[in-house]
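# Pasted the sequence and its predicted model underneath.
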Amino acid sequence: MALTKQYFTKSWTDSDDFPTYEESEDRVRADLQELHTQMQSYINGTLTEELDAALASKVPKAGLSMTASNNGDGTLTVALKLGSATLASCTVNIGEAQNITNTFITNELYVNYGWIADLMVNRLRTDFDRARRFLMSNKNALHYLDIHDEVIRFVTASTDGSSHSQMSYAGQLYWWTDESRTQLTTAETPYPAQAYDYAELTKMAFEFREMPLSGGGTAVVPVLALGAGTGSGENGKAYIYKDTSGLRIKYYTEGSGAAVSLELDNGGNVKKSLGGASGAVQAALVYSGLSVPASAWQPDGTWESYPYGAEVAAPGASEGMGGEVIFHPDDVKQYDLSPVAIAGAGKVTIYAASPPGGTVHILQVRAVF
């Protein structure tokens, strides 16, 4: 179907259409608007209607299929069909699945139809806009999905625009079909499709991975991997997965790479592990009616603003838990006390700016994970 061409009824080079000098400001403004209005009418009216009609006739609605027949000479004839009608076909050597993918997915489905068909492919990427971004000098970060084998990757690609190369994938180069640079092809043309060189970071991945079981041994399970990491081992990465024992969440700290994990088991329990130390997780441990004698305060370098600390017995508290303290109002008025405490093994440490001269009364202290 040929599209109707647009022809203007006036020309800027014709002085009869647009005089060099015009006394009326309204006439000047009307002249400036004239060709814009003609183009607007053409795009919104004639062109839009013809494109809608063309797309309606080309885009398959249902019954899309791919067939292959053996020619008996080491080649296959592969055809893309809509019902009984053949949309496209090609002959390839048996086993050269990449040729089928390039010919049909790139040339036929993507270029001509612009959609993903219900076909089995070996990889799907959504960063097809690289070549167009280069044409537009768009150096913004590119966020895309890369799906292959048993992995779904969420990728952020960045560039400073300092270098570029011909767009390629798995050794296959890409070209623009013609000088309009609107469609890509794997067939060589005088118009190579250029793209910026990007640095890629996988921000998240969903994949099958062999993971340890709490009862011993390993199993291959779906794992949600979060974070690009620091580049040093697993540092800065987190993993979420479910095994036969329950749900597991594990994070490796950016600095030391120490593993911090939570496990929700099938018995309804929540277990934690902090750099190797493990135990049951409590939402909060509450201790009330405690007294701290003046002799309990010792120099402590944990907090610069509160350089003195006193330990309070707190059965069940453990390393890594935080603390909240509510002191008696009279002690708050008399002494400079920190409302923040730090839990340890069976204890909670409270802090003061200077050693209190008398007994400090604690209405309540909470040890929380």
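The structure has been received and is ready for your questions.
# Now do the helix or strand hosting residue 220: everything it contacts.
Using DSSP states H and E, the element containing residue 220 is strand 218-226. Contacts of strand 218-226 with the rest of the structure, by CB atoms under 8 Å, 6 or more residues apart in numbering, involve 203-213, 237-244. To be clear about C-beta, it is placed using only N, CA and C from the backbone, and glycine gets the same treatment.
# now swap in stretch 146-161 and tell me
Stretch 146-161 is contacted by residues 122-127, 137, 139, 141-145, 196-208, 228 when judged by CB under 8 Å, 6+ apart.
# Could you double-check that residue 307 sits in contact with residue 353?
Yes. Look at residue 307 against residue 353 with CB atoms under 8 Å: they come within range, at 7.4 Å.
# where along the stretch 251-369 of the chain do the helices fall?
329-334 (DSSP state H, counting those that start in this stretch).
# before we move on, back to that, what about dumping the CA coordinates of whichever helix or strand comes after the strand holding residue 220 to CSV?
Once strand 218-226 ends, the next helix or strand along the chain (criterion: DSSP H and E) is strand 238-242. C-alpha atoms of strand 238-242 as CSV (Å, rounded to 0.1, in the frame of the first residue of the first chain):
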residue,chain,number,x,y,z
ALA,A,238,21.5,-10.0,48.9
TYR,A,239,19.6,-13.2,48.2
ILE,A,240,16.0,-14.2,48.8
TYR,A,241,14.9,-17.8,48.3
LYS,A,242,12.6,-20.5,49.7
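# And strand 238-242, what's buried?
238, 239, 240, 241 (16 or more other CB atoms under 10 Å).
# TSV please, covering those and showing distance to residue 41.
Formatted as TSV, those follow (distance: CB to CB, whole Å):
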residue	distance to residue 41
238	56
239	58
240	56
241	59
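# nearest to residue 169, of these?
Distance to residue 169 across these (CB to CB) is lowest for residue 239, with 28.9 Å.
# residues touching that closest one, list them.
By CB under 8 Å, 6+ apart, the neighbours of residue 239 are 211, 223, 224, 225, 226, 248, 249, 250, 251.
# What residues are bridge-paired with it?
Under the criterion DSSP bridges, residue 239 forms beta bridges with residue 225, residue 250.
# out of the contacts of residue 239, which are buried?
211, 223, 225, 226, 248, 249, 250, 251.
# The fifth one and residue 221, how far apart?
Residue 248 sits 9 Å away from residue 221, going by CB to CB, to the nearest Å.
# what residues do these two have in common as contacts?
Residues touching both residue 248 and residue 221 by CB under 8 Å, 6+ apart: 211, 241, 242.
# Adding distance to residue 161 and pLDDT, write those out as TSV.
Compiled in TSV, the shared contacts of residue 248 and residue 221 are given as follows (distance: CB to CB, whole Å; pLDDT from 0 to 100):
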residue	distance to residue 161	pLDDT
211	40	81
241	39	92
242	43	91
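# least trustworthy helix or strand in the chain by mean pLDDT?
Within the chain, no helix or strand scores below helix 97-100, which has a mean of 44 by mean pLDDT, DSSP states H and E.
# what's in contact with the longest strand that the chain contains?
Longest strand in the chain, counting residues (DSSP state E): strand 199-212. Contacts to strand 199-212, defined as CB under 8 Å, 6+ apart, come from residues 150-159, 218-228, 239, 241, 243, 248.
# which neighbours does it have in its sheet, and in what orientation?
Strand 199-212 is paired, per DSSP bridges, with strand 151-158 (antiparallel), strand 218-226 (antiparallel).
# Of all those strands, which one comes closest to residue 18?
Taking the strands paired with strand 199-212 one by one with CB to CB, strand 151-158 is closest: 47.6 Å.
# Cool, thanks, signing off.
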